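Student: need a structure here:
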Amino acid sequence: MEQNFITVFTPSYNRANTLPRVFEGLKKQTFHNFEWIIVDDGSSDHTQDVIRGFQEEKPFFPIISRYQENSGKHVAINRGVELARGEFFIILDSDDTCTPDALEVFLREWEKIPEKEKFCGISCRCQDVNGKIVGSAMPAPYLDATELDYKLVYKIKGELWGMTRTDILRENPFPEEEGLHFYPENIYWNNLGRRYMTRYLNVALRCYINDTANAITASKRLDAMKETFFMRVHFINECWDYAKYDLPRFLFQFVGLSRDGLTYGHGFREICAVPNTMFKRCLAVLFYPAGYLLYIRSKRKVK
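Tutor: Below you'll find the model as predicted:
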């Protein structure tokens, strides 16, 4: 295998109509030494037919497809990492596309990093359909930082997209809990950032397309609240050392803890016992009424 072989990975669930957009973007790449792995997460549309059509076209890159029962994106990512032959792993969602030079830029910038063993990969900004970077301004052409530093110390907002070392992903798979169809990716990347840095580029290589036909419905959003409960717990118990940089954001986690905890089926005592210090448990009690009101409001929206 040639050096710097890349795996581009796409998890897909009922996205037969948007997958061709991903395919067209990959065919335009200026860097050619990559494979495309698609894990179909239990689609009920004609996704499999669409993928077979891609393979029959025989592009310059191999296309590997696997089907799994609907288990969630995090499980699909783990399957993709198991199949990956690339030195680097890029998750390109099934409803987005990227610039023609995206893979080439990632590798070029990776080669500029002197102490590569300290880094897990490269991340870049995202752009809208008009080519405008989504999010707040970045202070330099690039920034070497941890995930939490980037978001909470430098306070840079906006969705990111990146290339990660496959060996690190293999050593650190996403947790697979039975019945959990959505694992908050923030938890995963924050934890990885405790051990590795990322080089953040102030360029937009991924085009984020707001496809209203695939928007999350109110009922699905309510289901997601059940599982973002884990994210609230993560911020409160594992990231509290960053609260000094963005206290309002951390205090809102207590509101979300009660709202999402109630949605998840937990009671008042269970929710207020979750924080790992007495001080934080007092905050959970203090902000419980606000979370309760949001919980009632959310239930009314889905009726």
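Student: Give me the sheet partners of the longest strand anywhere in the chain and which way each runs.
Tutor: In the chain, assigned by DSSP state E, the strand with the most residues is strand 197-207. For strand 197-207, the paired strands and their directions (DSSP bridges) read strand 97-98 (antiparallel), strand 119-127 (parallel), strand 142-145 (antiparallel).
Student: Make CSV from those and add mean neighbour count to it.
Tutor: C-beta here means a position set from N, CA and C on the backbone, and glycine is covered the same way. CSV is the format used below for these (neighbours: other Cβ atoms under 10 Å):
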stretch, mean neighbour count
strand 97-98, 24
strand 119-127, 22
strand 142-145, 17
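Student: Out of these, the one nearest E159 is which?
Tutor: strand 119-127 (4.7 Å; Cβ to Cβ).
Student: In contact with the residue lying closest to E177 once chain neighbours are set aside, which residues?
Tutor: The spatially closest residue to E177, leaving aside those adjacent along the chain, is Y183, at 7.6 Å (Cβ to Cβ, 6 or more residues apart in numbering). Applying Cβ atoms under 8 Å, 6 or more residues apart in numbering, we find Y183 in contact with 72-74, 174-175, 177, 227, 230.
Student: related to what we said a few turns ago, state the mean pLDDT of the longest strand of the chain.
Tutor: Taken as a whole, strand 197-207 carries a mean pLDDT of 97.
Student: Show me the domain layout of this structure.
Tutor: The domain map for the chain lists 6-214, 218-301, with the assignment taken from automatic domain parsing.
Student: Which of those domains comes out lowest on mean pLDDT?
Tutor: Between the domains of the chain, the one with the least mean pLDDT is domain 218-301; it has a mean of 90.
Student: quick one: contacts for the spatially most central residue of the chain?
Tutor: Nearest to the geometric centre of the chain sits E185, at 4.6 Å (Cα atoms, centre = their mean). Contact partners of E185, counting by Cβ under 8 Å, 6+ apart, are H74.
Student: Can you classify G53 as helix, strand or coil?
Tutor: Per DSSP: H, G, I helix; E, B strand; the rest coil, the local secondary structure of G53 is helix.
Student: And for it, the neighbour number?
Tutor: With neighbours defined by other Cβ atoms under 10 Å, the count for G53 comes to 13.
Student: residues touching the nearest residue to R194 once chain neighbours are set aside, list them.
Tutor: Sequence neighbours aside, T146 is the residue nearest to R194 in space, at 7.1 Å (criterion: Cβ to Cβ, 6+ apart). For T146, the contact set (Cβ under 8 Å, 6+ apart) comprises 193-194, 196-198.
Student: For the residues you listed, which single residue is the most surrounded?
Tutor: Comparing the contacts of T146 on neighbour count, T198 comes out first with 24 neighbours (neighbours: other Cβ under 10 Å).
Student: Could you check how far the closest residue to that one other than its chain neighbours is from D96?
Tutor: Residue nearest to T198 in three dimensions, not counting chain neighbours: S123, with 5.2 Å by Cβ to Cβ, 6+ apart. Using Cβ to Cβ, to the nearest Å, one obtains 15 Å as the distance from S123 to D96.
Student: Mind checking the strands paired with strand 197-207 for the one nearest to K280?
Tutor: Of these, nearest to K280 by Cβ to Cβ is strand 142-145, at 26.0 Å.
Student: Can I get the longest strand of the chain in PDB? Just the C-alpha atoms.
Tutor: Extracted C-alpha coordinates of strand 197-207, given in PDB (Å, rounded to 0.1, in the frame of the first residue of the first chain):
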ATOM      1  CA  MET A 197      -4.000  17.700  19.800                       C
ATOM      2  CA  THR A 198      -5.600  18.600  16.500                       C
ATOM      3  CA  ARG A 199      -4.400  21.100  13.900                       C
ATOM      4  CA  TYR A 200      -7.400  23.300  13.000                       C
ATOM      5  CA  LEU A 201      -7.300  24.900   9.600                       C
ATOM      6  CA  ASN A 202      -9.100  28.200   8.900                       C
ATOM      7  CA  VAL A 203     -10.300  27.000   5.500                       C
ATOM      8  CA  ALA A 204     -13.600  25.400   4.600                       C
ATOM      9  CA  LEU A 205     -13.200  22.100   2.800                       C
ATOM     10  CA  ARG A 206     -16.600  20.600   3.500                       C
ATOM     11  CA  CYS A 207     -19.900  21.900   2.100                       C
END
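Student: In it, which residues are buried?
Tutor: Neighbour-count burial for strand 197-207, with 16 or more other Cβ atoms under 10 Å as criterion, is recorded at 197-201, 203-207.
Student: And stretch 144-155, by the same measure?
Tutor: Neighbour counts over stretch 144-155 (16+ other Cβ under 10 Å) mark 145-152, 154 as buried.
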